[in-house]
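>>> only geometry, no sequence info:
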């Protein structure tokens, strides 16, 4: 009786998994070709926005990269958020070298708002251009075409949001390998849903929208009290299938500095999961069904392998093992194709291992982040 129930649950979970892997994510991985860039048809002004708190070392690398973009009409706004590491002196020095660079200094944050949202709001209010392109201080554009590519949907196609992908710098070690997989998996999810006209998030490391829209919606109204969410919650609140586009091109990617310890990584991800508790109900459902079926698949699959193995029912043992292997191969194929489109590289090692690891990660770290009452930006 127990075995029959486990088989039923396994097959239901497998069906849901295959729907997401092949239909929801597979559409992007296997069939999406992207739009050809329309060079120079509308070189509307763009302001690059970066909020920085004690990021002097990163700004030394970022500012020259931003100020050497191959786009005819843009400026760079660095928001110096209460820094005490010499950022102000660096910005004054850099402004003498780079005419495109501007800066705003935040001296304090009101008690009723979160620091990064407040900093971004001050910078956006005085932005020179209506098209805004946001990234973080620890990011570097992968190419000098970043501004042109990321802003094209907003400039050329009258979109409100353009969602981009941001990868992490590759280093040695299991932690970095896991970060690469988890980041790619997250990107695959929000880009896939956006292509299905159901966007639910974006990342502030690579995000474009209009200043006029931001001001029309009264900045982060309704989000001020939430730590984080200046990117994904803002997109979740206002992005629709009609006003949102994705930008899929290896030259449109930004590269960020990854965490180097598991403790700092889990702290970061708890903050991300904390913001997720404020997503719209329908978005929680459509992105939550996959991990729920995911854990059911692995729990029932492993349980059945143990049961039929102990019973020496090798025919059923091989069937279950075959189901797990086939699903793993399909998932690997989807993730590999997605990485080729997003990063320009196709090798994704240990997908099956990280897929199993993701079960514990999502339900443990996700639950801790979801239930946490307070998180900090910096």
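On my side now, so go ahead. Remember, it's a predicted structure, so these values are computed and weren't measured experimentally.

>>> Which residue is the nearest non-sequential neighbour of residue 240?
Distances taken as Cβ to Cβ, 6 or more residues apart in numbering put residue 199 closest to residue 240, at 7.2 Å, once the chain neighbours are dropped. Just so you know, the C-beta spots here come from the backbone N, C-alpha and C atoms, and that holds for glycine as well.

>>> I meant to write residue 115 there.
With Cβ to Cβ, 6+ apart, the residue lying closest to residue 115 is residue 109, at 4.5 Å.

>>> what's the spacing between the one you found and residue 132?
Distance from residue 109 to residue 132, counting by Cβ to Cβ, to the nearest Å: 21 Å.

>>> do residue 350 as well
Taking Cβ to Cβ, one finds residue 350 at 38 Å from residue 132.

>>> These two: which has the busier surroundings?
residue 132 (24 against 13; other Cβ atoms under 10 Å).

>>> Does the more buried one belong to a helix, a strand or coil?
strand (DSSP: H, G, I helix; E, B strand; the rest coil).

>>> In contact with it, which residues?
Applying Cβ atoms under 8 Å, 6 or more residues apart in numbering to residue 132 gives the contacts 46, 47, 48, 49, 124, 208, 209, 210, 211, 214.

>>> Which element, helix or strand, includes the spatially most central residue of the chain?
Geometric centre of the chain, nearest residue: residue 203, 4.3 Å, by Cα atoms, centre = their mean. Residue 203 is located outside every helix and strand, with elements delineated by DSSP states H and E.

>>> cool, residue 265 as well?
Going by DSSP H and E, residue 265 is in helix 262-276.

>>> Let me know the next secondary structure element after that helix.
Sequence-wise, the next helix or strand downstream of helix 262-276 (DSSP H and E) is helix 281-310.

>>> And the residue nearest to the centre of the chain, how far from residue 33?
Counting by Cβ to Cβ, the gap from residue 203 to residue 33 is 23 Å.

>>> cool, residue 334 as well?
For residue 334, the distance to residue 33 - Cβ to Cβ - is 16 Å.

>>> of the two, who's got more company?
residue 334 (24 against 7).

>>> what number of residues lie near the spatially closest residue to that one that is not a sequence neighbour?
Spatial nearest neighbour of residue 334, chain neighbours left out: residue 29 (4.5 Å); criterion: Cβ to Cβ, 6+ apart. Neighbourhood size, residue 29 [other Cβ under 10 Å]: 22.

>>> and residue 351, what does it touch?
If you count contacts by Cβ under 8 Å, 6+ apart, then residue 351 has 181, 328, 331, 332, 335, 336 around it.

>>> Tell me the confidence at the fourth one?
Okay, so that is residue 332. You'll see residue 332 listed with a pLDDT of 92.

>>> right, and it touches residue 353 too?
No: using Cβ atoms under 8 Å, residue 332 is not in contact with residue 353, being 10.7 Å away.

>>> joint contacts of these two?
Between them, residue 332 and residue 353 share no contacting residue, judged by Cβ under 8 Å, 6+ apart.

>>> higher neighbour count, the two?
Between residue 332 and residue 353, residue 332 has the larger neighbour count (other Cβ under 10 Å), namely 16 against 13.

>>> Then the more buried one would be within a strand, right?
No: applying three-state DSSP, one finds residue 332 to be helix, outside a strand.

>>> Just put the contacts of residue 132 in TSV and tack on distance to residue 220 and secondary structure.
Shown next, in TSV, are the contacts of residue 132 (distance: Cβ to Cβ, whole Å; DSSP: H, G, I helix; E, B strand; the rest coil):
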residue	distance to residue 220	secondary structure
46	21	strand
47	18	strand
48	19	strand
49	14	strand
124	10	helix
208	17	strand
209	13	strand
210	15	strand
211	14	helix
214	9	helix
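
>>> Kindly indicate which of those lies nearest residue 81.
Nearest to residue 81 among those, counting by Cβ to Cβ, is residue 49 at 12.1 Å.

>>> Starting from the helix or strand hosting residue 51, tell me which strands it pairs with and how they run.
Remark: residue 51 resides in strand 46-52, with elements defined by DSSP H and E. Strand pairing for strand 46-52, using DSSP bridges, gives strand 74-81 (parallel), strand 131-136 (parallel).

>>> Show me where this protein dips below the pLDDT cut-off.
Scanning the chain for pLDDT under 70 picks out 35-41, 346-349, 369-378.

>>> again, only this time at 90
1-4, 31-43, 107-118, 218-234, 265-281, 283-284, 308-317, 343-353, 356, 360-378 (pLDDT under 90).

>>> Going along the chain, name the helices of this structure.
Using DSSP state H, the helices of the chain run over 2-18, 26, 56-66, 87-97, 115-125, 146-156, 174-195, 211-216, 232-238, 262-276, 281-310, 314-343, 351-371.

>>> most packed of those?
Stretch with highest mean neighbour count among the helices of the chain: helix 146-156 (a mean of 24; mean count of other Cβ atoms under 10 Å).

>>> How about the contacts made by residue 338?
Going by Cβ under 8 Å, 6+ apart, the list of residues near residue 338 reads 25, 28, 29, 184, 187, 188.

>>> if I look at residue 218, how far off is residue 182?
34 Å.

>>> same check, this time on residue 232
15 Å.

>>> ok so, going back, could I get the phi/psi values of the residue nearest to residue 115?
Dihedral angles phi and psi of residue 109 (degrees, to the nearest 10) take the values phi -120, psi 130.
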